[in-house]
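J.: Quick one, structure for this:
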Amino acid sequence: MANEIANFIKVSFSVLASTCYCYAVGRIVPKGTARLLCLLPIVGLFLYLPLHLHTIYLSGLTAFFIAWLANFKILLFAFGEGPLSSDPSISLASFVFVACFPIRIQQKPSPRSRDSHLQDKEPKDGRKHMKYAIKVLLFAILANVPGYREYIHPQIVSFLYFLLLYVELETLFGVAAVAARVLIGLELEPPFNEPYLSTSLQDFWGRRWNLIVSSILRPAVYKPTRNLASRVVGRKWALIPAFMGTFLVSGLMHELILFYYVECDQRSPWEVTCFFLLHGVCLLTEIALKKRFGGRWQLPRLVTGPLTIGFVLFTGFQLFLPSLDRYFQNPLRVVIEEISAGVGSSIRGGGEQSISLVTEDWLPIPHGW
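T.: Prediction:
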């Protein structure tokens, strides 16, 4: 574990130096092809850096934050687009944080909406704190699930693992947001918007689930593909390649993250990509049905909500979770169980398990990785 931490420190310094270089390039080189050529070596470096890490958390987070999100932000920055170009007077510290972490700077409200924003702030803050308290309590409860999994139906266990993973992701993104707010004073938008309240696939993917990724894929893939397709097939049909291209890129980037975990000779079954392509097809079908029948016939939210979440969970169980199991020999459950064991032990007052979380056994990697 000591070698892994040392490698992570080296990777972190490489990322810091690279983002400082990108900031300098943005100040000197105008947007366009020239800036792109200057930034392409950094894109290649960011794709290479996760290979130096071998634990599930450090490798996965570096792949997600740096190889995927940071690279897309840098490519958009090369053409004067994306979050790194939203403010021409952005400071170096803000540039580094926005480039390296899954955060979105909150847009300044208009003068007309500022008063209503201030009036609603206290109630919203109260609700937000209550939601975080509920999620902390939920995490504490789910942390003890592994000890009882032999008494629970496997499908229910899979659902609880996905729920715990969502809580962990939102907590992780929340920590990054708090760090950015404290260190550089940025007001950030939430990374998730209560995805469990989704009433359609369009609502789930577009307005609730992982808004950080959505905000990057929209200018990087969706808009360019739709503009290009409009010239070929017309604006009416350009929606199809735009949506399918976006879901395809999302699936491929998830496959890339999985690739960093596995041996190079292990072939991908492409189930994760199929998951996203399936959702792309279903989303387009949903939009077509809304346009055809939306004005005359509409299901109530009490029906569409469970149907949407049920479909996401079912397809996740069939395509997403089996692929993870095949790659890692069940590492998602291994990592969650070990972290849960440490949390559960701390809650019960044992304390000893918490010490073991910093040992080599915290994030075990299969032999040969």
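J.: from here on, contacts and neighbour counts on C-alpha atoms
T.: Noted.
J.: After the helix or strand containing residue 133, which helix or strand is next?
T.: Applying DSSP states H and E as the criterion places residue 133 in helix 111-142. Later in the chain than helix 111-142, the nearest helix or strand by DSSP H and E is helix 154-184.
J.: The helix or strand that that following helix is followed by - contacts with which helices or strands?
T.: Using DSSP H and E, the helix or strand that follows helix 154-184 in sequence is helix 201-203. If contacts are counted by 3 or more Cα pairs under 8 Å, 6 or more residues apart in numbering; DSSP states H and E, helix 201-203 sits against helix 271-293.
J.: Would you mind listing the outside residues contacting the helix or strand that the helix it packs on is followed by?
T.: Per DSSP H and E, the first helix or strand lying C-terminal to helix 271-293 is helix 301-315. With Cα atoms under 8 Å, 6 or more residues apart in numbering as the test, helix 301-315 has contacts from 159, 196, 197, 198, 199, 200, 201, 275.
J.: Kindly calculate the angle that helix 301-315 makes with helix 154-184.
T.: 100 degrees (axes from the mean of the first three to the mean of the last three Cα atoms, to 10 degrees).
J.: Restrict helix 301-315 to CA atoms and write it as PDB.
T.: The C-alpha trace of helix 301-315 is given here as PDB (Å, rounded to 0.1, in the frame of the first residue of the first chain):
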ATOM      1  CA  ARG A 301     -46.100  10.100 -12.000                       C
ATOM      2  CA  LEU A 302     -46.900   7.300  -9.500                       C
ATOM      3  CA  VAL A 303     -46.700   4.900 -12.500                       C
ATOM      4  CA  THR A 304     -43.900   6.300 -14.500                       C
ATOM      5  CA  GLY A 305     -41.600   6.800 -11.500                       C
ATOM      6  CA  PRO A 306     -41.500   3.100 -10.500                       C
ATOM      7  CA  LEU A 307     -41.400   2.000 -14.100                       C
ATOM      8  CA  THR A 308     -38.300   4.200 -14.800                       C
ATOM      9  CA  ILE A 309     -36.300   3.200 -11.700                       C
ATOM     10  CA  GLY A 310     -37.300  -0.500 -12.200                       C
ATOM     11  CA  PHE A 311     -36.100  -0.400 -15.800                       C
ATOM     12  CA  VAL A 312     -32.800   1.200 -14.800                       C
ATOM     13  CA  LEU A 313     -32.200  -1.300 -12.000                       C
ATOM     14  CA  PHE A 314     -33.300  -4.300 -14.100                       C
ATOM     15  CA  THR A 315     -31.000  -3.400 -17.100                       C
END
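J.: can you give me the mean pLDDT across it?
T.: Averaged across helix 301-315, pLDDT comes to 91.
J.: And for stretch 6-26?
T.: In this model, stretch 6-26 carries a mean pLDDT of 94.
J.: Please list the outside residues in contact with that stretch.
T.: Contacts for stretch 6-26 (Cα under 8 Å, 6+ apart): 35, 38-39, 42, 46, 49, 52-53, 58, 66, 74, 77-78, 92, 95-96, 99-100.
J.: measure residue 161 to residue 170 for me?
T.: Computed as Cα to Cα, to the nearest Å, the residue 161 to residue 170 distance reads 14 Å.
J.: cool, and residue 70?
T.: Residue 70 is 19 Å from residue 170, by Cα to Cα.
J.: what's the answer for residue 229, then?
T.: 35 Å.
J.: Now do the domain split for the protein, please.
T.: 2-100, 121-192, 196-328 (automatic domain parsing).
J.: Of these, which shows the lowest average pLDDT?
T.: Ranked by mean pLDDT, those bottom out at domain 121-192, with a mean of 71.
J.: quick one: the helix or strand harbouring residue 249 to helix 271-293, angle?
T.: In the assignment (DSSP H and E), residue 249 maps to helix 239-259. Helix 239-259 and helix 271-293 are oriented at 160 degrees to each other (the same axes, to 10 degrees).
J.: helices and strands around helix 239-259, which ones?
T.: If you count contacts as 3+ Cα pairs under 8 Å, 6+ apart, helix 239-259 packs onto helix 223-233, helix 271-293.
J.: swap the cut-off to 10 Å and go again
T.: helix 56-62, helix 211-217, helix 223-233, helix 271-293, helix 321-328 (3 or more Cα pairs under 10 Å, 6 or more residues apart in numbering; DSSP states H and E).
J.: of these, which approaches residue 152 most closely?
T.: helix 321-328 (17.6 Å; Cα to Cα).
J.: what's the burial count for residue 155?
T.: 11 (other Cα atoms under 10 Å).
J.: next one: residue 24
T.: Neighbour tally, residue 24, other Cα under 10 Å: 12.
J.: do the one 5 residues further on as well
T.: By other Cα under 10 Å, the residues close to residue 29 number 14.
J.: Figure out the helix or strand that the residue lying closest to it once chain neighbours are set aside lives in.
T.: With Cα to Cα, 6 or more residues apart in numbering as the criterion, residue 29 has its nearest non-adjacent residue at 5.6 Å, and that residue is residue 35. Following DSSP H and E, one finds residue 35 within helix 33-48.
J.: What residues of that helix count as buried?
T.: Within helix 33-48, the residues that qualify as buried by neighbour count (16 or more other Cα atoms under 10 Å) are 35, 36, 38, 39, 42, 43, 45, 46, 47.
J.: Which elements pack onto it?
T.: Against helix 33-48 (3+ Cα pairs under 10 Å, 6+ apart) you get helix 2-28, helix 71-78.
J.: For my notes, please list those helices in CSV and give distance to residue 190 for each entry.
T.: What follows is the helices and strands packed on helix 33-48, written out as CSV (distance: least, Cα to Cα, whole Å):
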stretch, distance to residue 190
helix 2-28, 24
helix 71-78, 18
